[in-house]
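S.K.: Mind looking at a prediction? Sequence and model below.
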Amino acid sequence: MRKPPKSRSRGSSGLDDPSATEKGRDLERETIMTTAVESSVISRIGYSAATKTLQVEFKSGRIYRYFAVPALVYEGLRTASSVGSYFNTKIRTTYQSEEIR
């Protein structure tokens with residue numbers, strides 16, 4: 001028998017937010033479509049407007065997600081003449097990130 005999903009609605013006491021670990025797991029499961037880019041270090045980028053999450057796949061095989069990234073920053077990265085330089089100056093140390101692979 002399946003258990004019903006846990007309710008996250010507990011009023012305005014602040015107890016309705018899942019833990020940071022749960023949020024991380026939810027984002028990890030989210031599929032973000034990526035596009036190849038011309039860069040010596042970055043191979044693919046993608047963005048979820050719903051969660052404001054930027055995914056960056058490096059040529060090394062590592063994949064990172066950056067959180068609370070405005071859509072304009074993603075557009076700037078996508079259209080930059082130097083994707084690597086834009087990433088290093090505008091994103092890398094500005095937004096919280098998590099390595100997902």
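M.R.: Great, that's in hand.
S.K.: Could you tell me how far Gly76 is located from Val69?
M.R.: 10 Å (CB to CB, to the nearest Å). Just so you know, the C-beta spots here come from the backbone N, C-alpha and C atoms, and that holds for glycine as well.
S.K.: same thing with Val41?
M.R.: From Val41 to Val69 the distance is 18 Å (CB to CB).
S.K.: Pull up the distance across stretch 67-74, start to finish.
M.R.: Stretch 67-74 stretches 11 Å from its first residue to its last (CA to CA, to the nearest Å).
S.K.: cool, stretch 55-64 as well?
M.R.: 6 Å.
S.K.: Which positions within it qualify as buried?
M.R.: 55-57, 63-64 (16 or more other CB atoms under 10 Å).
S.K.: so Tyr95 touches Arg65, yeah?
M.R.: No: look at Tyr95 against Arg65 with CB atoms under 8 Å: they stay out of range, at 9.5 Å.
S.K.: can you list residues touching both of these two?
M.R.: Listed as contacting both Tyr95 and Arg65 by CB atoms under 8 Å, 6 or more residues apart in numbering are Leu54.
S.K.: Between these two, point out the one with more neighbours.
M.R.: Neighbour totals were compared for Tyr95 and Arg65, and Arg65 leads with 23 against 18 (other CB atoms under 10 Å).
S.K.: For that one, give me its contacts.
M.R.: 27-28, 32, 53-56, 97-98, 100.
S.K.: The residues you listed, buried ones only, as a ChimeraX selection?
M.R.: Of the contacts of Arg65, the buried ones go into a single ChimeraX selection, burial set by 16+ other CB under 10 Å:
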select :27,32,53,54,55,56,97
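S.K.: Of the contacts of Arg65, which belong to strands?
M.R.: 53-56, 97-98 (DSSP state E).
S.K.: tell me the contacts of Ile32?
M.R.: Contacts of Ile32 (CB under 8 Å, 6+ apart): 46-48, 53, 55, 65.
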